[in-house]
Each structure stands twice: as C-alpha cells, then as structure tokens.
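Engineer: Make a model of this:
(2 chains)
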Amino acid sequence: MLIRKGIPASLGIAMGPVLMVKKDQIHVEKHIIPPGGEEAEIRRFNTAVAATREDLNAMHARVMTVLGRKHARIIESHNLILSDAVITHDIPVQIKKFHINAEYALQSALENIEKQFSRIDNEYFRERRFDFIDVFKQIMGKLSCEKKNPLENMEAPAVIAASSLFPSDTIAFRDNKKVLGFCTDLGSKASHTAIFAQSVGLPAVVGLVDFTSQMRNGDYIIIDGEQGTVILNPTAEIIESYRKRRAELQKEERFFQRLRGLPAITVDGHTVELFLNLDSEDSPFAWKSLKADGVGLYRTEGLFMNRTDLPSEEEQYKKYSALARAYSGLPVVVRTADIGGDRATRLGIKGLSDERNPFMGFRGIRLFLKYPELLKTQLRAVFRANTNGNLSVMVPMVASCCEVEAVRQIADVVVNELAREGKKHRKCRLGIMIEIPSAALTVDKLLDSADFVSIGTNDLVQYTLAVDRVNQYVSALYEPFHPAVLRLIHLVTESAHRKGKKVSICGEMASSPEAASFLAGTGVDALSATPKMYLRMKNAVRNLNFRIAATQALSVLDMPGAEQVREFYDRENRTIF
Amino acid sequence: MIKKQIKVVNELGIHARPAGLIVNAASSFPCEVWLENEEGMNVNAKSIMGVMMLAAACGSVLTLTAKGSHEEEAVKTIEKLFKDKFDED
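Structural biologist: Coordinates of the predicted model:
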C-alpha cells in the first residue's frame, strides 16, 4: 500500500481500478514531404496553430470569468508562446529546408526546448517548461486531429491517472460515465483542469509530483478529493473505511434528494423562493430534476465565447425559447452578457484590449451601452422568446441611474421596432444586478427605472472590501460576512421593499448554507443557488425559524467584524442541530 | 544603443506571466531589445521562450540592451515593469 498526499482539486471519493492515460507519448513519425508540398505543409501547420489560438482564447474567456485577470494572464502567456519565433519562424523554416512533416518539426523543436530548460538549476524555472509542453502538445493534437482517445475503449469504470491532463480532457470525462475520478502528477487547485473537474463534479487530486509513475493499469486506487489523499493498492481495512465514508456522504446526498419538490419554507411558515443559476452552456433540461422554483440567473457569456463572430438574434432567440419552454411558465431571469473589452475585440468589435484593470473597466452594461446594437440584439431575442414562457431580463455592472434609464429607453425602442416589424414578442420585466457599492447605496433611485434587483455578492464583496479574491496576498480578506457587506445587503433589501420591489441573491453567498440564516432573516425574497448546492440550501432554509433569523440578522449588522458574525452564527447553528 | 542593469524585485521572479508582460512591452517597439543574465545568457526580449529561459529569480540582476528606433522608450517601459514588480505585490 502506498499513500501520497497531493492537492485536493475536486470534491468526492473515487475508488476502483486505475487506467493510465499517457498523453505524453504520442509517437511522431518522420515523413519526407514530396518536392513542392512544403508550402501546403506549412499551411497545415499554421492552421493547427490558429486552431490552438482559438482554443486558448475560449479558455481565456472562461478563466477570466471564473478566476479573474491574474490567472487569465497565464493563458495570455500561452498565447505569446504561439507567437514566439520558434513557432512563427523556426518550424516553418525547418519544414521547408528539410522537407519534413509538421509533426516532426514540432516534436524536434519541443525536444530542443526541453533540453535547454532541463539545464536550468532553479527548479521553479525548470518547471516552467510545462507551459511550452502544454502549448506544443495542443498544436500536436490539432495536427493529428487527435481522435485516439483511450477512453473510448473503456470496458469497466476506472479512475484515470496521468502525468498531466488538458482541461479539454476533463470535459471528455464528463461525457464518459465510466470515469470515476482522476489524479495527475502536475497541476494545482487553480489549474484549469481542476476548475473544470469541480464544475463537472468529478473527484480529483492533482500535484502528485511523480506518483502516477508507480501505478499500473488495473491497480486498485482510492482518491479522496476532499483531503487530497491518493492510496495505491490499499489494504482491505482501508477500502472498507473509505466505503463507509463514501456511504455516509451518499446517505447525506439521498436525504437532500428527498427535498426535491418541497417548498423552501422556514419552520414558522416564511417562504423563500429558491432558484437555480444556469449557464448558457448547460442544457436547459440538465437540472430539471431538482424541481427548482425557476432560474434566478441565466448567464449568457457562453454564447459569446469560442467564436469570432457575434451570436445572431435568431441563435439567441432559439436558445432562450428552449429555456423558457423547459421551465414552462416558471420565472427565468436572463442576464445580458457580462463580457469585457478584450472579448469584444475578438468578436470583431473595436474595443479596448489593453485595459490596466478590466475588473474595474469596460465590461457588462458599460460595454453594451457603448455598443447598443449588442444590447438590442439580446433584448430582441429575449422579448421574442418571452412569448414561450416567463422570462425577465437583468443587466450586470450597473453603477448609476442613467445606465438603467438608458437600458429602459433601448428596451422601449426594441419593443417599437418588433411591433413595427410584426414580430411576435412580449416585453419583460427589467432587473439590475447590484454588484457595485454605488448601486447598493442608491438602489431606491435605480428602482425608479427597474422592476427588481438581484445582488451579485461575489463582486459586491470584492468591490466593497477592495479585494481581488484570486490575488493570493489579499484573498484572505475576501469576506462575505464583513458587516459592511451585510449592511449593504440589508440596505438594498429594505429600500427595495419600501418601493414594493423584490430582491434576490445570486452570488456564491446564495449557495452557502451558513449564510442562509442572515439572507432569509434580512428579508431577501429569493436565493439563486448553483445546481450542486441547491438542495443543501433548501435544507438550510427549511431548518430556519424566520422570526428568530430576522432578529439575529439585525443584531449582526451591529457587530464590529466578520469574525464576530461568524462566531455568532456558528454558535447558533450548533444549538439548532 | 542603451545598456542598463535592472534588478528583479518581485518575489516570484520572471515566470510566465511577467515574461509575457516583458515580451509584450518589448514587441511594441521597433528597436532590438535584449536581456542578459549574470551567467552571460543573452536572449531576445521579444521571445517569451528566451525570456523564460533566463530563469531570473528575485534578486538577480539582468542587463537590458536596446538598439534602434525608440530605444529610450523601450528601456524606460521595461524598466518600469520591473520596478512595479509586474503588478504582483
């Protein structure tokens, strides 16, 4: 039995036989290109590079939204590798000069780079070679139209082990029901592969250094994605204890499953609407089995990614209509795309691609008001799709009244245009995201032009506390329970209710059971949770006493810091359960 | 031609991200830009591979050379990146 501690990358326990995926050893053969064929071979190589760049751009957008600018810059540096003279100049020259196939030229260049990097004494810098290997392997994959997927021939369920995996591999795992989980030698919790594993819900441990080299196909393995432990060929007792642990987790899960379809109502009869957060990449039916009260946040950024043209009105109309029909009459809130200037540039719009701080820059409604055609197209699609269900539209990154007023006016223009064109449509309610403190503080004014608000707590916390949560030096200061944040949420809820309008929460806080008491207690009307946390949130709400939670919510507003608030709720939770 | 010594002051040294910033900055000028480490390895500052191969850790000193049109601006811009710790701290 061998035990190795790695980095826990994605929750859950997986156990079963190992299947080794040796991506690194693609065998490359040398071919001689017949005279005159060199130009075509170079074109084939350039096409593969362009396709890789497309993938990187899509990844960049995804990382930008999930992790922020700092991490996205790693992808930008991968993009720079693609522009390095080795790729743009040396390899084409090699192909031409030696009449060799692109794969061979690429492989030789990579071997050369690896050789040079292996001479570096400093381990940290020596490891940087993986950035190059990563990019070169992606190009290689494009060249060989890689379809040789070992997963296709899987006969029995297995745990995947590899020295490294690309994010795209993780996506393939999701579609393959036989993959139980995976472990890799490389990678960190913030690596792109890990992030995808979390969103796919596969147990994963990464950063095992060289542990997978000791594994053989068919070895029995346990992966504990919570502790980051990997156990190779465990004893019968260990297997048994992990079986028990997994059974406990599954029992808990089954208990939550029984809450499907039950209302999110407190013990004293106060109802909180419980919605789902969905991405445009999700199938509209993906989470129907949770029997949610509706969709509180439908993100549309995905429609703008991995492409170089804009999504047409028809394309969007079809997408929103399918969603509206899937939720047959239940409320669905479509958020207009929160894309940044760099993305817009790639979509053919002249934007700003070199912002010093895109996080506080040209994104969300700011970009859409500068290019109102983008907003109009999206609104037209939503208003038309609304004839198939119960849609609302919501705009992100609102800071001032004039922005809401401008959106309102554009919505009116859109309705007039659709009427004139004789297109079937139904105008829908207009909501705003409260993510910026200025919007929270003046929400009563903003609501003169808007119908409802949804608080995006992730950004609200970051902007209120001036903390970039992916910056390792300050991420510990990211604290949703900071009284300043709680006061803003309370203020928004009070102000909106005074105007007779509803408040929902759609940030991570609405997926945190420990925050349920404060949010429900402060009077928030609806919570919008991730599919994974949906039933847990329902459980949390159903265990609350609203009258008590309301009194407590007021009292924590007066506490000096997050520490006291957390301590207070920890104590309360202990006495309840 | 301008030659200048610059010190790496950010904690993590010139890893992928700072290297990317240097390459971007160098590439925005028409002049030739070179970086040399203490072991005498001299690389084109417009090549990310070259810059990363320098393995410049915190505290190491590099020699920045620019030659050609806009050489002064290029040196100033790159020097500032180093001074600002590549926006990392």
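Engineer: Near chain B, which residues of chain A are found?
Structural biologist: A:70, A:73-74, A:76-78, A:80-81, A:83-86, A:113, A:116-117, A:120-122, A:124-126, A:128, A:131-132, A:473 (C-beta under 8 Å from any C-beta of the partner chain). Yep, even glycine has a C-beta here, placed from its N, CA and C like the rest.
Engineer: Can you list the helices and strands that the helix or strand harbouring residue A:78 packs against?
Structural biologist: Taking DSSP states H and E as the definition, one finds residue A:78 inside helix A:69-83. Using 3 or more C-beta pairs under 8 Å, 6 or more residues apart in numbering or on different chains; DSSP states H and E, the elements in contact with helix A:69-83 are helix A:38-66, helix A:129-143, helix B:16-27, helix B:48-53.
Engineer: which helices and strands does the helix or strand that it is followed by pack with?
Structural biologist: Next in sequence after helix A:69-83, counting helices and strands by DSSP H and E, comes helix A:85. Counting contacts by 3+ C-beta pairs under 8 Å, 6+ apart, helix A:85 packs against no other helix or strand.
Engineer: The helix or strand just after helix A:85: how far from the chain's middle?
Structural biologist: As assigned by DSSP H and E, the chain's next helix or strand after helix A:85 is helix A:91-98. Centroid separation for helix A:91-98 versus its chain: 41 Å, with C-alpha atoms, centre = their mean, to the nearest Å.
Engineer: relative orientation of the following helix or strand past helix A:91-98 and helix A:129-143 in degrees?
Structural biologist: Next in sequence after helix A:91-98, counting helices and strands by DSSP H and E, comes helix A:102-118. Helix A:102-118 runs at 180 degrees relative to helix A:129-143, counting by axes from the mean of the first three to the mean of the last three C-alpha atoms, to 10 degrees.
Engineer: Would you mark the buried spots in the following helix or strand past helix A:102-118?
Structural biologist: Using DSSP H and E, the next helix or strand after helix A:102-118 towards the C-terminus is helix A:123-126. Within helix A:123-126, the residues that count as buried by 16 or more other C-beta atoms under 10 Å in any protein chain shown are residue A:125.
Engineer: ok, now stretch A:377-393?
Structural biologist: So, applying 16+ other C-beta under 10 Å, buried residues of stretch A:377-393: A:377-386, A:388-393.
Engineer: Which two among these are spaced furthest apart?
Structural biologist: A:377 and A:390 (21.4 Å; C-beta to C-beta).
Engineer: Filter the residues of chain A next to chain B down to the buried ones.
Structural biologist: For the residues of chain A next to chain B, buried by 16+ other C-beta under 10 Å: A:70, A:73-74, A:76-78, A:80-81, A:83-84, A:86, A:113, A:117, A:120, A:125, A:128, A:131-132.
Engineer: Can you tell me how far the residue in the stretch 101-250 of chain A that chain B sits nearest to is from residue B:72?
Structural biologist: Relative to chain B, the nearest point of the stretch 101-250 of chain A is residue A:125 (3.7 Å; C-beta to the nearest C-beta). Distance, residue A:125 to residue B:72, using C-beta to C-beta, to the nearest Å: 30 Å.
Engineer: ok, the residue lying closest to residue A:110 once chain neighbours are set aside - contacts?
Structural biologist: Setting aside the residues directly before and after it, residue A:110 is nearest to residue A:136 in space (C-beta to C-beta, 6 or more residues apart in numbering or on different chains), at 4.4 Å. Residues counted as contacts of residue A:136 (C-beta atoms under 8 Å, 6 or more residues apart in numbering or on different chains) are A:106, A:109-110, A:113.
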